[in-house]
Structure formats: C-alpha cells, structure tokens
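# Make a model of this:
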Amino acid sequence: MSLSRRALFGAAAAAVLPLWPASEARAAAPFRNELPPAWHRFRVGEFEATIVSDGALPLGRPAPAFPASPPEEIEALMRAHFLPVNEATLEQNALILNTGRQLILFDTGMGESMGPQSKMFGPTTGRLLRNMRAAGIEPEQIDLVCATHAHCDHVWGLVDERGQRVFPNAQVAISEADLKFWTDDGNKRGPEWVSVFIEGAKKNLAAYRDRLVMVRDGQEVVPGVTAIATPGHTVGHYVYAITSGGTTLVNTGDLAHHQVLLLRRPLWEFAYDTDPKQSAQTRLRMLDRLATDRHAVLSYHFPWPGLGHVSKESEGFAWHPAPMNVTALG
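Residues are numbered from 1 along each chain as shown. So this is what the prediction gives:
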C-alpha cells in the first residue's frame, strides 16, 4: 500500500500537535537579553593566546566615518556583504599573549577612566576586565601592555575613574611619537574629539610615567614580539608581529577598521585618521605584505574574534575569518 504526499504531510503535521490540552498551555520562557563572556583561546606556535572583548563599538551610519567616499558605493558594499547599510559596528578584540615567561596585553579597550565620556560610543564598551576574569586572567597578572596607539578605545582602560592603575604590575609599551602627540595640549585643534582623546591619553598614560617603554620599528619588545611602524591612523601607530615555532600572527590594531569597506577599498580615508592619506598608503602596503606572506591576522575591530587572513582580490583585499574551532595557527 502506498501513501500520497498529501496524506504523508498530513500525518506528519498530526505528529507535532501539542501533547497537552490547549487549556493547559505552558508559560513562555523569559528572554535572557544578555551575552555570555566573550573570550577565545588558541595557540601561536609555543605561545598561548587569548582574545578578550571590550564590547561592540557602534559607529552609527558608516558614511560620516568615510567622508571622502561615495555614499552610494558604501551602501552597495555593505548590502553586498549582508551588512546593515545604516549601521557600522566595530568590535574591540584585545589580545593577551602568554609567552611562558610574560603575560602581555595588547590594547585595553575604552575602560571607565573618563566617566561618561568612556561611553561616547554607547553602553556596550568597557567589558575587558570582566571578560579577562571569565577567561581566568586577573589584571594583576599582566606584565606588559603593548599599545598600538593612544586613541580612546586602546588606552583608556589603563586606569580607573580615580586615575589608579588597572594593571598595577605592568609596564606600557608605546611609540614615542604617539606619546608626545596625544599628551600635548598644543595638538588640541581640528575636530572636537581630538581634545577629548588628548585628555584621556594624558590621564591614562600619566599613571605609568615611570613604567613606559618606547617601541622602535623592527625591534623586539620582548622575545617573539616585534614592533612594526604603520603611521597614518596616528603619528605613531604600530602593529605587532608575534612569532613562535615558525608561526607568525600579526596584531594589526587599527590598520583597517572595517573588514569590507577598508579591505575592498584600502585607499579610502577614515574620519579618525590623523593623516588620512598616509594611513591609506600604509594600509595598502601592509595589507599587501600580509596577503603575500600569508600570515595570520588579529584585527582589533573586525568581527569577533578578529582572527583570520587577508588575500588579494580585485583592486583590494578580502577577509577570511578563521574557524572558531581552530586551536592552533600554522
């Protein structure tokens, strides 16, 4: 005996009818409206690496962040990659590296040091410490903080609102150029945010004045971690190449803020660049190097957890996120 498709689907529908009377409907489970702790651990050769999130950083409409770019092209690129056209959201992916001898944090997120100004990008930032602790790492364990640059979302987590060191046992590595620029009141010109950034950098870096380490282009900060000058986004922006066991991961900081807009169009200018044209040329050169060398990349602002590779594609580059189940890079 055979069953028609209609009879078969009818039987299937009957099979999923409630097993209790309608008059005894169960209460709906409440919405949780909360995210789990955001941390991800993997290996870089012999080193152990942990990425912790400081939370999402919403930019709002993308067009103002790319003032020299055609709005219709921005919208087309966002739409083509299934992204909302009226909302650009960046992540904050802070890397903690355990070399076996030292525990190194790269960038600190927005923190809470500047009170209400610490929430200038909204309430979703400032989660670094809780995510560190969820990953089993206490701020007292950090030996060195490597700052890619001195913008708010990278160094404002160095101290608390009272100006006390968040990482009491740490030194802070930063470029001399960025240290001088972002602690100089004479540079308070141009957009209003520049003055705010300077005040925040002064407060956060002053607490470590006797613990500062000046990075140099091409030199190791510690064994296995090499600083590479990539100026433009700020005058002293640096990326860090981490090498162990024949494997290299490059922590790119703010080399590129968006995985589509600034990879597909690497010469586009970004509103928060100190020197937009220099930044674009630096980005193009470094992305080409990363694609050619096939090094793994940890991007501070790309979608969580910011780990992957870049490849050349058309006139720009493409982003290839690493699978989340990857436990080692090779």
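# Identify the residue nearest residue 295 in space, chain neighbours excluded?
residue 248 (4.7 Å; CB to CB, 6 or more residues apart in numbering). Placement of C-beta: from N, CA and C, glycine included.
# May I have the residues that are in contact with the one you found?
44, 241, 242, 293, 295, 296 (CB atoms under 8 Å, 6 or more residues apart in numbering).
# One more pass at 10 Å, please.
44-45, 224, 226, 241-242, 290, 293-297, 329 (CB atoms under 10 Å, 6 or more residues apart in numbering).
# now swap in residue 189 and tell me
residue 195.
# Check the gap between it and residue 175 for me.
21 Å (CB to CB, to the nearest Å).
# With residue 157 instead?
From residue 157 to residue 175 the distance is 18 Å (CB to CB).
# Same check on residue 192?
In terms of CB to CB, residue 192 sits 25 Å off from residue 175.
# With neighbour numbers in mind, choose between these two.
residue 175 (24 against 8; other CB atoms under 10 Å).
# Would you agree the more buried one is in contact with residue 219?
No - Residue 175 is beyond contact range of residue 219, at 11.4 Å (criterion: CB atoms under 10 Å).
# shared neighbours, these two?
With CB under 10 Å, 6+ apart, residue 175 and residue 219 have common neighbours residue 227.
# What helices and strands are in contact with the host helix or strand of residue 179?
Taking DSSP states H and E as the definition, one finds residue 179 inside helix 176-181. Where contact means 3 or more CB pairs under 10 Å, 6 or more residues apart in numbering; DSSP states H and E, helix 176-181 is packed against helix 192-206, strand 212-214.
# partners of the last one in the sheet?
Meaning strand 212-214. Neighbouring strands of strand 212-214 in its sheet, by DSSP bridges, are strand 171-174 (parallel).
# Report the distance from the strand it pairs with to the chain centre.
19 Å (CA atoms, centre = their mean, to the nearest Å).
# wait, residue 256 sits on residue 266?
Yes - counting by CB under 10 Å, residue 256 does reach residue 266; the two are 7.2 Å apart.
# shared neighbours, those two?
Counting by CB under 10 Å, 6+ apart, the residues touching both residue 256 and residue 266 are 283, 284, 286, 287, 310, 317.
# Double-check that the second one belongs to a helix.
Spelled out, it's residue 284. Yes - under DSSP: H, G, I helix; E, B strand; the rest coil, residue 284 sits within a helix.
# ok, the residue nearest to it when sequence neighbours are not counted - contacts?
In this structure, residue 284 finds its nearest non-sequential neighbour in residue 266, 4.7 Å apart by CB to CB, 6+ apart. Listed by CB under 10 Å, 6+ apart, the contact set of residue 266 reads 255-256, 280-288, 310, 315-317.
# Which strand or helix spans residue 266?
Applying DSSP H and E, one finds residue 266 in no helix or strand.
# Let me see the mean pLDDT of the helix holding residue 179.
Mean pLDDT, helix 176-181: 98.
# now swap in stretch 227-243 and tell me
98.
# Okay, buried residues for that stretch please.
227-228, 230-243 (16 or more other CB atoms under 10 Å).
# wait, what's in contact with residue 131?
36-39, 50-55, 94, 109, 137 are the contacts of residue 131 under CB under 10 Å, 6+ apart.
# Residue 315 too?
264, 265, 266, 267.
# so where is the protein shaky, pLDDT-wise?
For the chain, the stretches with pLDDT under 70 are 1-27, 324-330.
# So residue 73 lies in a helix, does it not?
Yes - applying three-state DSSP, one finds residue 73 inside a helix.
# For residue 119, which non-adjacent residue is spatially closest?
Per CB to CB, 6+ apart, closest to residue 119 is residue 125, 6.8 Å.
# In contact with the residue nearest to the spatial centre of the chain, which residues are there?
The centroid of the chain falls nearest to residue 300 when counting by CA atoms, centre = their mean (2.2 Å). Contact partners of residue 300, counting by CB under 10 Å, 6+ apart, are 51, 54, 57, 90-95, 106-107, 109, 148, 153-154, 239, 251-257, 306.
# swap the cut-off to 8 Å and go again
91, 92, 93, 94, 107, 148, 154, 251, 252, 253, 254, 306.
# Just the ones in helices from the residues you listed, please.
residue 154 (DSSP state H).
# Show me the contacts of residue 300 that map onto strands.
93, 94, 251, 252, 253 (DSSP state E).
# Can you get me a residue count around the fourth one?
Read it as residue 252. Neighbours around residue 252, by other CB under 10 Å: 27.
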